[in-house]
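Chemist: okay, predicted coordinates and the sequence, questions at the end:
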Amino acid sequence: MADLRPEWAAHERMWIGFPAIPAEWGAAFHKAREQIAAFASAIADHGRGERVTLVCNSPADEAAARALADATVECIAEPLGDIWLRDTAPIIYGSGANRRAVDFAFNGWGGKYVMPGDMDVGARLAARYGFARTADAMVLEGGAIDWDGAGRIVTTEQCLLHPNRNPGMARAAMEEKLRDHLGAEAILWLGDGLINDHTDGHVDNLARWVGDGVLLLPVASGGDDPNAAVYADAMARARAFGVEVRTIPSPGRVEIGGAVAPASYMNFAIGNHVIALPVYGTCYDDEAAATLADIFPDHRIVPLPSDAILSGGGSFHCASQQVPL
């Protein structure tokens, strides 16, 4: 059984993707780079946090990252298309000399965003950092699941059962893969993810484990929250499953270019000493930060603007993957 550590367990390092393709970002490109660099710098915490590695598409991108990030942030050139290493980097389990990488297949989020480098960056990162690697043909992005380190995994039906990932593969077969590779003992299936989520409903924008059997879920903010029904359904399923539920406000209705954006406080990234919280300039930002501070009293909560990163489809958790000690 895989020894899959929760995100709040000690890390050796965190990999973070650095924006590299201007056409994918449009006018937000440079601002997205700045926000990613600020995120990496916050987790590194001037060398007091953990090793942070910005994964850059080319030596030129590596130089740009070095100019923006804190001097303690490592920058490497390792070809990738998009920045979402939560989905394309391998999942590392175990500890010390017993750590291994499990590398599921990746198909560009159901064939929607296929870019050079993304299909094999997981294998290259595993090799570069010396992890024995197990590959599996099942398509599974890391942002589609979240785990509590005690055998529980949460996911969404919208993503994992979507026919653009593993057509013809039954739920039972997917559960068997999660048991075999990740040590899943109990799987909580939520329904849909957030409206207009490019990933077909990744769970890390909706629900996150914050303790052994403790699930954090958003509640709707404002009378026009576009995801009110999604949050209510997730809450009902989690309570029926029997886990402890903590709540956090949603950011409310956030739009980009007149369209509802999948803005979420749930896309926070947990470092060794710092939690980077994406904020969007709404009146709920402070309450979200206070909620996380109450849940993680030994961490410093750092709210950081994430609007430019969100325009590319995700936020801090999506762009990162932790490597346990």
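Modeler: Nice, thanks for sending it over.

Chemist: what's in contact with the helix or strand hosting Ala101?
Modeler: Using DSSP states H and E, Ala101 sits in strand 100-105. Contacting residues not belonging to strand 100-105 are listed as 2, 90-94, 122-123, 125-126, 131-141, 181-182 [C-beta atoms under 8 Å, 6 or more residues apart in numbering]. All C-beta spots, glycine's among them, are computed from the backbone N, C-alpha and C.

Chemist: give me the secondary structure label for Leu188.
Modeler: strand (DSSP: H, G, I helix; E, B strand; the rest coil).

Chemist: correction: Leu54
Modeler: strand.

Chemist: which residues make contact with the following helix or strand past the strand holding Ala101 from outside it?
Modeler: Downstream of strand 100-105, the next assigned helix or strand under DSSP H and E is helix 108-111. By C-beta under 8 Å, 6+ apart, the residues outside helix 108-111 that reach it are Asp87, Val114, Met115, Asp118, Met119, Glu141, His162, Asn164, Arg165, His198, Thr199, Asp200.

Chemist: let me have those in JSON lines, extended by secondary structure.
Modeler: Output for these, formatted as JSON lines (three-state DSSP):
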{"residue": "Asp87", "secondary structure": "helix"}
{"residue": "Val114", "secondary structure": "coil"}
{"residue": "Met115", "secondary structure": "coil"}
{"residue": "Asp118", "secondary structure": "coil"}
{"residue": "Met119", "secondary structure": "coil"}
{"residue": "Glu141", "secondary structure": "coil"}
{"residue": "His162", "secondary structure": "coil"}
{"residue": "Asn164", "secondary structure": "coil"}
{"residue": "Arg165", "secondary structure": "coil"}
{"residue": "His198", "secondary structure": "coil"}
{"residue": "Thr199", "secondary structure": "coil"}
{"residue": "Asp200", "secondary structure": "coil"}
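
Chemist: quick check: buried residues in stretch 224-231?
Modeler: Using 16 or more other C-beta atoms under 10 Å as the test for burial, stretch 224-231 gives Asp225, Pro226, Asn227, Ala228, Val230, Tyr231.

Chemist: tell me the average confidence for that stretch?
Modeler: For stretch 224-231, the per-residue pLDDT values average out at 98.

Chemist: if I look at the residue lying closest to Arg33 once chain neighbours are set aside, how far off is Ile309?
Modeler: Spatial nearest neighbour of Arg33, excluding adjacent residues (C-beta to C-beta, 6 or more residues apart in numbering): Pro19 at 5.0 Å. Distance of Pro19 to Ile309, given as C-beta to C-beta, to the nearest Å: 8 Å.

Chemist: for Arg13, same thing?
Modeler: 20 Å.

Chemist: looking at these two, which is more packed in?
Modeler: Legend: neighbour count by other C-beta atoms under 10 Å for Arg13 and Ile309, higher for Ile309 (27 against 20).

Chemist: for that one, give me phi and psi.
Modeler: The phi/psi pair for Ile309 (degrees, to the nearest 10) reads phi -60, psi -40.

Chemist: need the helices for the stretch 51-200 of the chain, in chain order.
Modeler: Taking DSSP state H, counting those that start in this stretch, the helices of the stretch 51-200 of the chain run over residues 59-68, 85-88, 108-111, 121-128, 157-160, 171-182.

Chemist: among these, which comes closest to Ala263?
Modeler: helix 85-88 (17.0 Å; C-beta to C-beta).

Chemist: check which helices and strands that closest one sits against.
Modeler: strand 11-17, helix 121-128, strand 320-324 (3 or more C-beta pairs under 8 Å, 6 or more residues apart in numbering; DSSP states H and E).

Chemist: which one of the ones you listed lies closest to Asp146?
Modeler: strand 320-324 (12.3 Å).

Chemist: which residues does Leu190 contact?
Modeler: Val154, Thr155, Thr156, Glu157, Val203, Leu206, Ala207, Asp233, Ala234, Arg237, Ala238.

Chemist: list only buried entries from the residues you listed.
Modeler: The buried subset of the contacts of Leu190 - by 16+ other C-beta under 10 Å - is Val154, Thr155, Thr156, Val203, Leu206, Ala207, Ala234, Arg237, Ala238.

Chemist: turn these into a markdown table, including pLDDT and distance to Ala319.
Modeler: Converted to a markdown table, the buried ones among the contacts of Leu190 look like this (pLDDT from 0 to 100; distance: C-beta to C-beta, whole Å):
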| residue | pLDDT | distance to Ala319 |
| --- | --- | --- |
| Val154 | 98 | 20 |
| Thr155 | 98 | 20 |
| Thr156 | 98 | 20 |
| Val203 | 98 | 16 |
| Leu206 | 98 | 17 |
| Ala207 | 98 | 19 |
| Ala234 | 98 | 23 |
| Arg237 | 98 | 27 |
| Ala238 | 98 | 26 |
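
Chemist: let me know the closest of the residues you listed to Arg51.
Modeler: Val203 (26.8 Å).

Chemist: the most far-flung residue of the chain relative to its centre and Pro251, how far apart?
Modeler: Residue farthest from the centre of the chain, counting by C-alpha atoms, centre = their mean, is Gly223 at 27.8 Å. Separation of Gly223 from Pro251 (C-beta to C-beta) stands at 14 Å.
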